[in-house]
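J.: sequence and predicted model, in that order:
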2 protein chains.
Amino acid sequence: MSDDIYHTRMQAALEEARCAALRDEVPIGAVLVHRESGEIKARAGNRTIELCDPTAHAEIQVIRTVCLAVQAQRLPEYDLYVSLEPCPMCAAAISFARIETVYFGAADPKSGGLTSSVNLYSHAPLHHKPKIVSGLLEEECAQILREFFKAKR
Amino acid sequence: MSDDIYHTRMQAALEEARCAALRDEVPIGAVLVHRESGEIKARAGNRTIELCDPTAHAEIQVIRTVCLAVQAQRLPEYDLYVSLEPCPMCAAAISFARIETVYFGAADPKSGGLTSSVNLYSHAPLHHKPKIVSGLLEEECAQILREFFKAKR
């Protein structure tokens, strides 16, 4: 596949991140793509404040949405695109859902669960360790977060 | 407080674990206790199969239930009792929810997120690191799991 397709998917995640910022939620967005058809089957931004749910990260929401839609708790035919490196909670949930590949934009050196201080797929005895592709539209993904937290100060 | 009170709460978590086994879910149960009143405000067992939701662990469910009830995503006034050591997903969610103390029954040397190979509260830069009390009704908690998996073989 050309880079364009991956970029288009991450752009959709970025749109969800921007919508999250408008709701005053930390601007992180995610989409879940059915690998064979190439279709985006779910898209979401953070909604922890709106839903009063500390687990309502973008990644958890797209996983729940598609699991419910296909009536399964495992999604090996899906790939996740998310604007920020998943936290340890989401990293574990992504593994439980058997997602094949996680594409993320910006790294999260402080709180990330994949390539940062907690490298969950390297150390944890998880049954399934998704592939990781990092740095997709990294600068755009990081910029949304920088602008959001700058405006908060 | 006398040990009885802690045991009563863990017994409630164990009842939820037994109900989960009857639904053919991995028998783990959790209750969330309001510290000041001493009341159990939510109780749940695993429902990942029934709900088609890989995140529907007992701990996540009681957190979501109480967060929704009190319309907040942080629960600093609550303690969690859970029959098995939380996995990394739940361990992170418990931290996000700002729960003060986690009481667990059996340790999970293979997949636990607290005292086992992933020691999330020691290594991860989480903003809140709950206190951990382990080994409460440990033998009963472990036995339910052993019996469940023995019957599966």
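T.: That came through, no problem.

J.: which one is A:Asp79 nearest to, not counting chain neighbours?
T.: Leaving aside its chain neighbours, A:Asp79 sits nearest to A:Thr101 (4.5 Å; criterion: C-beta to C-beta, 6 or more residues apart in numbering or on different chains). Placement of C-beta: from N, CA and C, glycine included.

J.: bridged to that neighbour, which residues?
T.: On the basis of DSSP bridges, A:Thr101 is bridged to A:Lys131.

J.: and A:Val33, by the same measure?
T.: Under the criterion DSSP bridges, A:Val33 forms beta bridges with A:Ile40, A:Asp79.

J.: give me the number of residues near it?
T.: Applying other C-beta atoms under 10 Å in any protein chain shown, we find 26 residues neighbouring A:Val33.

J.: likewise the one 4 residues further on?
T.: Neighbour count of A:Ser37, defined by other C-beta under 10 Å: 9.

J.: ranges for the helices of chain A?
T.: Here chain A has its helices, by DSSP state H, at A:3-22, A:48-51, A:58-70, A:88-96, A:120-123, A:138-152.

J.: list the contacts of the longest one.
T.: By C-beta atoms under 8 Å, 6 or more residues apart in numbering or on different chains, the surrounding residues in contact with helix A:3-22 are A:26-31, A:33, A:38, A:40, A:43-47, A:58, A:81-83, A:103, A:105, A:136-137, A:140-141, A:144, A:148.

J.: same thing but at 6 Å, please
T.: For helix A:3-22, contacts defined as C-beta atoms under 6 Å, 6 or more residues apart in numbering or on different chains pick out A:27-31, A:33, A:40, A:43-46, A:81-83, A:136-137, A:140, A:144, A:148.

J.: could you check the angle helix A:58-70 makes with that helix?
T.: Angle of helix A:3-22 versus helix A:58-70, following axes from the mean of the first three to the mean of the last three C-alpha atoms, to 10 degrees, is 110 degrees.

J.: just the CA trace of helix A:3-22, in CSV.
T.: Provided in CSV are the C-alpha atoms of helix A:3-22 (Å, rounded to 0.1, in the frame of the first residue of the first chain):
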residue,chain,number,x,y,z
ASP,A,3,1.9,5.8,2.3
ASP,A,4,-1.2,7.8,1.4
ILE,A,5,-3.5,5.1,2.8
TYR,A,6,-1.8,5.0,6.2
HIS,A,7,-1.8,8.8,6.3
THR,A,8,-5.5,9.0,5.4
ARG,A,9,-6.3,6.7,8.3
MET,A,10,-4.1,8.7,10.7
GLN,A,11,-5.7,11.9,9.4
ALA,A,12,-9.1,10.4,10.5
ALA,A,13,-7.6,9.8,13.9
LEU,A,14,-6.3,13.3,14.0
GLU,A,15,-9.8,14.7,13.2
GLU,A,16,-11.1,12.8,16.2
ALA,A,17,-8.4,14.3,18.3
ARG,A,18,-9.4,17.8,17.1
CYS,A,19,-13.0,17.1,18.0
ALA,A,20,-11.9,15.9,21.4
ALA,A,21,-10.1,19.2,22.0
LEU,A,22,-13.3,21.1,21.1
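
J.: helix or strand with the lowest mean pLDDT in chain A?
T.: Using mean pLDDT, DSSP states H and E, helix A:120-123 stands out as the lowest-scoring helix or strand of chain A, at a mean of 85.

J.: show me which residues of that one are buried.
T.: Neighbour-count burial for helix A:120-123 flags A:120-121 (criterion: 16 or more other C-beta atoms under 10 Å in any protein chain shown).

J.: run a quick neighbour tally on the residue nearest to A:Asp79.
T.: 15.

J.: same deal with the one 3 residues further on?
T.: Look at A:Phe104: counted by other C-beta under 10 Å, it has 29 neighbours.

J.: what of A:Arg35?
T.: Using other C-beta under 10 Å, A:Arg35 has 14 other residues around it.

J.: one more: A:Pro76?
T.: By other C-beta under 10 Å, the residues close to A:Pro76 number 12.
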